[in-house]
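**Q** Structural data only, the sequence is not supplied:
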C-alpha cells in the first residue's frame with residue numbers, strides 16, 4: 001500500500017527498488033504510435049483522425065520489436081503490428097517484414113516440433129493507407145486503427161494455412177517482386193509468400209543499419225520510450241489511455257510482475273456494423289458516439305471499456321457474437337452464475353467454431369420484459 005504523506009520517490013527508496021518514471025511505466029502499456037503522436041495532448045478534439053502509410057502484420061506472434069514493429073493491439077490470441085513509413089519506404093519495409101515473418105515461422109515451427117507443442121501460426125501482411133482514430137471523453141480515451149488495409153491484413157491472415165505468410169493484393173503490388181518470391185492462390189488476388197531471394201548488398205547494408213539503430217543498449221532496450229524523460233503534461237495525456245487498475249498499480253509503485261491479474265469477469269462484446277458506402281468522418285463520429293454512450297451506461301455498475309478493436313475478435317464471447325448475430329448470447333457459466341430464473345434464457349443450437357471446438361452449452365438471454 002502507498003503510505004499517506006510520502007512522496008513516490010521516498011516510497012521507492014524505502015522499498016529499495018529503482019522504479020522508472022511514471023511516464024515510462026505508462027509507455028510500457030501503449031504503442032509508440034500513441035506515445036510520439038503530435039495529437040497526444042490534453043486539449044485534443046475528439047474524435048481525432050490521422051491517416052498515414054504503413055505495413056500491417058496480423059498474426060499470433062511475439063518478438064516483433066526486434067524488427068522495429070509497433071504492437072498496436074492484442075485481441076485474444078491475435079496481434080496487429082504496424083511499421084509506419086512514407087510511401088517511398090513501403091517497398092523496403094515490406095521486404096523487412098516479409099523476411100521477419102519467414103524467420104518467425106521457421107522459429108515457431110522448429111520450437112513446436114522440438115517441444116511437441118501444438119501451436120499454429122498464420123500471418124497476413126498488408127500495406128498502404130492506415131487511419132488512426134482516437135475516441136473517448138475527458139476521462140478515458142482509446143486508440144484504434146482502421147481502414148481498408150486493416151481489413152486486408154485480417155483477410156490475408158484468414159487465408160493463411162499453418163506456417164504460411166499471405167500478402168494482400170495491395171502489399172503484393174507495392175513490394176519489390178525481384179526480391180520476394182510468391183505463389184498465386186486460386187480464386188484470390190492475394191499471394192502466398194514462398195521465400196525472400198538473396199538480398200543485394202546495398203539493401204542488406206541498409207536493412208542491417210536500420211535494425212541496428214532500433215536495437216539500442218546491446219539489445220536490452222527495444223523501445224525509445226524506455227528512456228523518456230519525465231514530463232507531467234505528456235503523462236497526464238497518456239493516463240487517459242490506460243485502464244484504472246493499471247494506473248493504481250503504477251501510482252503505488254508496484255513492481256511490473258504484480259501488474260498481471262486473474263479475476264472473474266463478465267465480458268460483453270458489442271459489434272458495430274456500418275454500410276460499405278459510409279465515409280470515414282461518419283464512421284468516426286458513430287464510433288465516438290457509441291464509445292461515450294456505452295462508457296456512460298456501464299460506469300454506474302463499475303463496468304469499463306477494455307478495448308476497441310477493428311481487426312478481429314477471437315475470444316469466446318466474440319465467437320458467440322459472430323455465431324449468433326442479433327442475439328444476446330452467453331456461456332453456461334454466465335447462465336448458471338447470473339442468479340436469474342431459467343425462463344429468462346433459451347438454449348441455443350450447437351454451432352461449430354472455426355478455430356475452437358467446444359461442447360459447452362450456450363444460451364440466449366431473453367430479458368425480463370419478455371418473461372415477466
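**A** Done, it's in. Everything numeric here is computed off the predicted structure, so don't read it as measured data.
**Q** end-to-end on stretch 181-194?
**A** With CA to CA, to the nearest Å applied, stretch 181-194 spans 6 Å between its terminal residues.
**Q** Give me the contacts around that stretch.
**A** 98, 101-102, 125, 155-156, 159-160, 164-169, 172, 180, 195-197 (CB atoms under 8 Å, 6 or more residues apart in numbering). C-beta coordinates here come from the backbone N, C-alpha and C atoms, glycine included.
**Q** how much space is there between residue 297 and residue 107?
**A** From residue 297 across to residue 107, the span is 45 Å (CB to CB, to the nearest Å).
**Q** and these two? which has more neighbours close in?
**A** Applying other CB atoms under 10 Å to residue 297 and residue 107 shows that residue 107 carries more neighbours, namely 13 against 10.
**Q** Do you know the pLDDT at that one?
**A** In this model, residue 107 is scored at 77, pLDDT.
**Q** Strands along the stretch 201-350 of the chain, start to end?
**A** Using DSSP state E, counting those that start in this stretch, the strands of the stretch 201-350 of the chain run over residues 329-331, 345-347.
**Q** Tell me which of these lies nearest to residue 84.
**A** Ranking the strands of the stretch 201-350 of the chain by distance to residue 84, with CB to CB as the measure, places strand 329-331 first at 37.6 Å.
**Q** Residue 130 and residue 52 touch, don't they?
**A** Yes: using CB atoms under 8 Å, residue 130 is in contact with residue 52, at 6.1 Å.
**Q** what's the overlap in contacts for the two?
**A** With CB under 8 Å, 6+ apart as the test, residue 130 and residue 52 both reach residue 84.
**Q** who has more neighbours, those two?
**A** Higher neighbour count among residue 130 and residue 52: residue 130, with 24 against 15, using other CB under 10 Å.
**Q** gap between residue 338 and residue 328?
**A** 12 Å.
**Q** repeat for residue 22
**A** For residue 22 relative to residue 328 (CB to CB), the value is 40 Å.
**Q** and those two? which has more neighbours close in?
**A** Neighbour comparison, residue 22 and residue 328: the larger count goes to residue 22, with 18 against 14 (by other CB under 10 Å).
**Q** mind checking pLDDT for the more buried one?
**A** The predicted structure lists residue 22 with a pLDDT of 84.
**Q** can you check residue 276 too?
**A** In this model, residue 276 is scored at 76, pLDDT.
**Q** Could you list the buried residues of the longest helix along the chain?
**A** What stands out as the longest helix in the chain, according to DSSP state H, is helix 90-115. Neighbour-count burial for helix 90-115, counted by 16 or more other CB atoms under 10 Å, picks out 90-102, 104-105, 108, 112.
**Q** Now do the domain split for the protein, please.
**A** Structural domains assigned to the chain are 17-258, 280-365, following automatic domain parsing.
**Q** And the closest residue to residue 321 other than its chain neighbours, its phi and psi?
**A** Excluding the flanking residues, the one nearest residue 321 by CB to CB, 6 or more residues apart in numbering is residue 269, at 4.9 Å. Backbone torsions of residue 269, given as degrees, to the nearest 10, read phi -100, psi 130.
**Q** Just the buried residues from the contacts of stretch 181-194, in ChimeraX please.
**A** Those of those that count as buried under 16+ other CB under 10 Å are selected in ChimeraX with:
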select :98,101,102,125,155,156,159,160,164,165,166,167,168,172,180,196
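**Q** Restricted to helices, list the contacts of stretch 181-194.
**A** Residues of these located in helices (DSSP H): 98, 101-102, 155-156, 159, 169, 172.
**Q** from those residues, which single one is nearest residue 235?
**A** residue 101 (35.1 Å).
**Q** Confirm that residue 363 sits in a strand.
**A** Yes: counting by DSSP: H, G, I helix; E, B strand; the rest coil, one finds residue 363 located in a strand.
**Q** just for the stretch 201-350 of the chain, where's the confidence low?
**A** Along the stretch 201-350 of the chain, the model assigns pLDDT under 70 to residues 201-222, 262-263, 311-312, 314-319.
**Q** number of nearby residues for the residue nearest to residue 321?
**A** The number of residues near residue 269, taken as other CB under 10 Å, comes to 16.
**Q** next one: residue 139
**A** Residue 139 has 11 neighbours, counted by other CB under 10 Å.
**Q** residue contacts, it?
**A** With CB under 8 Å, 6+ apart, residue 139 has these contacts: 240, 295.
**Q** re earlier: okay, the domains of the chain, which one's buried deepest?
**A** Neighbour counts (mean count of other CB atoms under 10 Å) averaged over each of the domains of the chain peak at domain 17-258, with a mean of 17.
**Q** Might one say that residue 290 is in contact with residue 272?
**A** Yes: contact status for residue 290 versus residue 272: in contact at 6.0 Å, counting by CB under 8 Å.
**Q** Surely residue 335 and residue 366 touch.
**A** No: with contact defined as CB under 8 Å, residue 335 does not count as touching residue 366 (11.8 Å).
**Q** what touches both of those two?
**A** residue 345.
**Q** what's the single longest strand in this protein?
**A** Determined from DSSP state E, the single longest strand within the chain is strand 122-136.
**Q** Give me the angle between it and helix 90-115.
**A** Orientation check (axes from the mean of the first three to the mean of the last three CA atoms, to 10 degrees): strand 122-136 against helix 90-115 gives 120 degrees.
**Q** Give the next helix or strand downstream of strand 122-136.
**A** Sequence order places strand 141-146 as the next helix or strand after strand 122-136, per DSSP states H and E.
**Q** Pretty sure residue 52 sits against residue 145.
**A** No: proximity of residue 52 to residue 145 does not meet the contact threshold set by CB under 8 Å, at 9.8 Å.
**Q** Mind putting the ones in helices among the contacts of stretch 181-194 into a markdown table with distance to residue 86 and pLDDT?
**A** Shown next, in a markdown table, are the ones in helices among the contacts of stretch 181-194 (distance: CB to CB, whole Å; pLDDT from 0 to 100):
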| residue | distance to residue 86 | pLDDT |
| --- | --- | --- |
| 98 | 19 | 91 |
| 101 | 22 | 87 |
| 102 | 25 | 87 |
| 155 | 25 | 88 |
| 156 | 22 | 91 |
| 159 | 28 | 89 |
| 169 | 21 | 95 |
| 172 | 20 | 95 |
